[in-house]
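Chemist: Here is a sequence together with a model predicted from it:
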Amino acid sequence: MKAVLQRVSEATVTVDGAVIGAIDRGLVVFLAVERGDGEPELARMVRKIAGLRIFPDAQGRMNHSVREVGGSVLAISQFTLAANLAKGFRPSFENAELPEPARQLFDRFCQQLAAAGVPVATGQFGADMQVRLLNDGPVTFTLEFSASKDERP
């Protein structure tokens with residue numbers, strides 16, 4: 001499971017000209033589900049994102065989580081993060097999970113993040129989306145938790 005997190009002042013996602021998700025201060029999370037991902041990777045990702053201290057305190061140090069600042073997450077399914085770009089010039093998506101299992105894990109990711117106390121807005125799985133965001137900092141991080149790697153949050 002791979003994610004790109006961007007700390008934002010505001011963000012929206014639009015499908016067919018209609019805004020379907022919007023947040024003010026918080027994180028935009030672009031999430032890719034890869035083959036072999038399951039509950040362990042999901043739990044690690046949710047725990048890390050909910051607790052990651054990347055918002056400034058009174059001294060300007062990254063010392064608060066999205067929960068602590070009352071922020072929200074705009075979660076966007078982004079299978080292209082699973083691309084393999086090692087060979088040639090055309091991305092290979094063989095590492096991306098099939099659509100239905102990926103949708104189920106993405107939905108559980110959003111539910112579990114909300115259960116962890118972080119309000120979640122989403123895009124539309126599999127749709128052509130336009131995402132607008134105002135990156136705050138700019139602050140951008142990548143996370144990866146894989147069944148094949150022994151990583152700890």
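Modeler: Sure thing, it's come through. Residues are numbered from 1 along each chain as shown.

Chemist: Can you pull the poorly scored residue ranges out of the chain?
Modeler: 148-153 (pLDDT under 70).

Chemist: how about the strands in it?
Modeler: Assigned by DSSP state E, the chain shows strands spanning 2-15, 18-23, 26-32, 55-56, 62-64, 72-77, 120-122, 130-144.

Chemist: ok, the residue nearest the centre of the chain - contacts?
Modeler: When CA atoms, centre = their mean is applied to the chain, the residue found nearest the centroid is Val29 (2.5 Å). Counting by CB atoms under 8 Å, 6 or more residues apart in numbering, Val29 makes contact with Ala3, Val4, Leu5, Ile49, Val73, Leu74, Ala75, Ile76. Just so you know, the C-beta spots here come from the backbone N, C-alpha and C atoms, and that holds for glycine as well.

Chemist: Try it again at 6 Å.
Modeler: For Val29, the contact set (CB atoms under 6 Å, 6 or more residues apart in numbering) comprises Ala3, Leu5, Val73, Ala75.

Chemist: again, but for Gln78
Modeler: With CB under 6 Å, 6+ apart, Gln78 has these contacts: Phe30, Ala32.
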